[in-house]
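Trainee: Structure for this input, please:
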Amino acid sequence: MTQSRTIEQMIPRINDDVLLPGIQREFVWEPDQMVQLFDSVMRGYPIGSFLFWEISGAEAENRMKYKFIKNFITEGTFPNEFDGKNFRNPKINEITAELSNRLTLVLDGQQRLTTFYIGLKGSLTERGYRLRREKPESWTEKKLYIDLLSDPSKTTDDKKKMKYRLEFKQPVPEQSDSEYWYEVGNILSINNRDELFDFQKRVVEDVGEAYSNNIRRNSEELWRAVYEKEIINYFELGSNHSDDILDIFVRANEGGTQLGKESLS
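Mentor: Below you'll find the predicted structure:
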């Protein structure tokens with residue numbers, strides 16, 4: 001049966017009762033793909049369906065499981081100072097008190113859900129061009145921001161054709177008379193339309209009425225994309241599909257590397 005959820009409803013479940021099975025591949029999306037996904041959901045574009053697998057009890061405990069990446073670093077070799085960052089999905093060795101004994105494993109949709117998780121709750125750490133990877137100063141941790149003053153009635157001239165100005169930037173980026181960078185993840189603290197209206201009013205008072213229309217449109221579409229649009233459309237499989245999961249996964253992700261059944265255990 002097909003079901004749907006908002007991003008706001010899914011985010012708290014990630015790494016709680018929503019995890020990745022051993023057959024999943026690593027997170028491989030580039031930053032450009034990530035910002036384009038947020039642009040798409042803000043525009044109301046379809047982003048494809050998701051495929052979830054519900055398991056419980058001994059099966060939930062014994063299956064190989066991985067966490068979603070929250071603080072992503074773009075290379076596998078990096079300084080020890082970045083200990084809290086992950087290039088590969090952390091493996092879960094056992095069900096602990098923090099994890100439910102009824103789990104949802106994501107068979108199709110990892111890249112999209114990880115992007116939402118990083119953009120709203122985590123960070124992206126990149127190494128500067130041709131800088132030495134062993135030096136901490138070569139790396140920059142960034143969060144996803146939106147420029148609330150940008151004009152959403154226009155699209156960019158490049159091949160991405162972005163409507164909303166979204167970028168991964170260093171925390172607390174410099175503002176100017178023509179830019180107001182708002183951390184996308186902060187939208188999760190605006191719980192209803194009254195709070196959204198109050199936020200819009202404060203920003204307009206801060207920067208002036210000249211940008212009021214852009215501020216309202218940008219923040220409104222971001223809020224709606226997270227809280228109102230049920231864009232996580234998924235089909236849920238039960239434990240009765242356990243023997244068919246590998247075949248289902250391969251067909252849902254056809255074109256990728258073939259996997260062996262040992263990946264499931």
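Trainee: And the helices in the stretch 51-200 of the chain?
Mentor: 57-62, 110-121, 193-207 (DSSP state H, counting those that start in this stretch).
Trainee: and among those helices, the most buried is which?
Mentor: Ranked by mean neighbour count under mean count of other C-beta atoms under 10 Å, these are led by helix 110-121, which reaches a mean of 22. Any C-beta I mention is one placed from the backbone N, CA and C, and that applies to glycine too.
Trainee: who's in contact with that one?
Mentor: 7, 10-11, 14, 18, 20, 24-25, 27-29, 33-34, 37-38, 47-48, 50, 68-72, 106, 124, 144, 184-185, 187-188, 226 (C-beta atoms under 8 Å, 6 or more residues apart in numbering).
Trainee: Repeat the analysis, applying 7 Å as the threshold.
Mentor: The contact list for helix 110-121 (C-beta atoms under 7 Å, 6 or more residues apart in numbering) reads 7, 10-11, 14, 20, 24, 27-29, 34, 37-38, 47, 68-70, 72, 106, 124, 144, 184-185, 188.
Trainee: With stretch 211-219 instead?
Mentor: Stretch 211-219 has contacts (C-beta under 7 Å, 6+ apart) with Ile146, Leu148, Leu149, Ser150, Asp151, Pro152, Tyr164, Leu196, Phe199, Gln200, Val203, Val204.
Trainee: redo that, cut-off 8 Å
Mentor: Identification of contacts with stretch 211-219 by C-beta under 8 Å, 6+ apart yields 146-152, 164, 180, 182, 187, 196, 199-200, 203-204, 207.
Trainee: now swap in stretch 129-145 and tell me
Mentor: Residues contacting stretch 129-145 (C-beta under 8 Å, 6+ apart): 34-35, 38, 71, 73, 75, 77-79, 81-82, 85, 118-120, 123-128, 166-171, 173, 181-185.
Trainee: then that stretch to CSV, C-alphas only?
Mentor: In CSV, the C-alpha atoms belonging to stretch 129-145 read as follows (Å, rounded to 0.1, in the frame of the first residue of the first chain):
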residue,chain,number,x,y,z
TYR,A,129,40.9,22.6,-4.3
ARG,A,130,44.3,21.0,-4.3
LEU,A,131,44.8,21.6,-0.6
ARG,A,132,46.5,18.9,1.5
ARG,A,133,44.0,16.5,3.0
GLU,A,134,46.0,15.8,6.2
LYS,A,135,45.8,19.5,7.3
PRO,A,136,42.6,20.5,9.2
GLU,A,137,42.7,24.0,7.7
SER,A,138,42.3,22.5,4.2
TRP,A,139,38.7,21.5,5.1
THR,A,140,35.5,23.6,5.5
GLU,A,141,32.4,22.5,7.3
LYS,A,142,29.3,24.0,5.7
LYS,A,143,25.5,24.0,6.3
LEU,A,144,22.7,24.5,3.8
TYR,A,145,21.5,28.1,3.5
